[in-house]
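**Q** only geometry, no sequence info:
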């Protein structure tokens, strides 16, 4: 059973930066946003020559890539998909001339096919998905933050339900952190594994989860 981690947050909240301490020799990044990474020297770490980085938002390429990594590239221990939102939006844009309502269902399944199998790869593989958030306020003033979706179909499916660890990335005055438990959001993590607020370091998160699972 592979490990799935979902990192959600607003743009600029430190989601991509949290990848900075991962080992490039054992990490593969699907850069769906096609914006590059966000720390000094990343181009020397992740590139075509190292075969650990590709810019694509095509869900079929990502699904095939995950299968190949699972079956053939056993040295890869962490796969990053950054972000799920761009997969949905780019698919929506490609279908913008379609009149059928079915395209909204397809948008949901495009991402659902990726995340619903997130735990079905080899045991030593961690798959980290990034996603943007939306924050809503109801008539009573209650504020709640969750993954931003395209179409109502995916809202009903609740993407966060496919992950045991959902981290909310936040940045404030140059300090970037993860919230690990629900605080007017869908953040959650295994009981007793993390403090409520931790540094935004995915490498550390994976290490803590490994220690927790093997305790």
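**A** Looks like it came in fine. Source: prediction; values computed, not measured.

**Q** in the chain, which spans are strands?
**A** 3-9, 27-31, 53-54, 78-82, 126-137, 143-147, 165-172, 175-179, 197-199 (DSSP state E).

**Q** in the sheet, who's paired with the residue most central in space within the chain?
**A** For the chain, the residue nearest the mean C-alpha position is residue 129 (1.4 Å; CA atoms, centre = their mean). Legend: beta-bridge partners of residue 129 under DSSP bridges are residue 6, residue 81.

**Q** That one touches residue 112, doesn't it?
**A** No - counting by CB atoms under 8 Å, residue 129 does not reach residue 112; the two are 12.0 Å apart. C-beta: built from backbone N, CA, C; applies to glycine.

**Q** For residue 24, the count of nearby residues, please.
**A** 16 (other CB atoms under 10 Å).

**Q** what about the closest residue to it other than its chain neighbours, neighbour count?
**A** Once flanking residues are discounted, residue 24 sits nearest to residue 45: 4.1 Å by CB to CB, 6 or more residues apart in numbering. Neighbours of residue 45 under the rule other CB under 10 Å: 18.

**Q** what pLDDT does residue 45 get?
**A** You'll see residue 45 listed with a pLDDT of 98.

**Q** ok, now residue 158?
**A** Reading off the model, residue 158 has pLDDT 81.

**Q** gap between it and residue 180?
**A** 19 Å (CB to CB, to the nearest Å).

**Q** When the two are compared, which one has more neighbours?
**A** Remark: of residue 158 and residue 180, residue 180 carries more neighbours, 22 against 12, as counted by other CB under 10 Å.

**Q** so the more buried one touches residue 190, yeah?
**A** No - the pair residue 180 and residue 190 does not pass the contact test of CB under 8 Å, sitting 9.3 Å apart.

**Q** Name the residues contacting each of those two.
**A** residue 165 (CB atoms under 8 Å, 6 or more residues apart in numbering).

**Q** now this protein, which segments are flagged as low pLDDT?
**A** Per-residue confidence for the chain (pLDDT under 70) gives these ranges: 92-110, 150-157.

**Q** mind running it again at 90?
**A** Applying pLDDT under 90 to the chain picks out residues 88-113, 134-144, 146-159, 172-174, 183.
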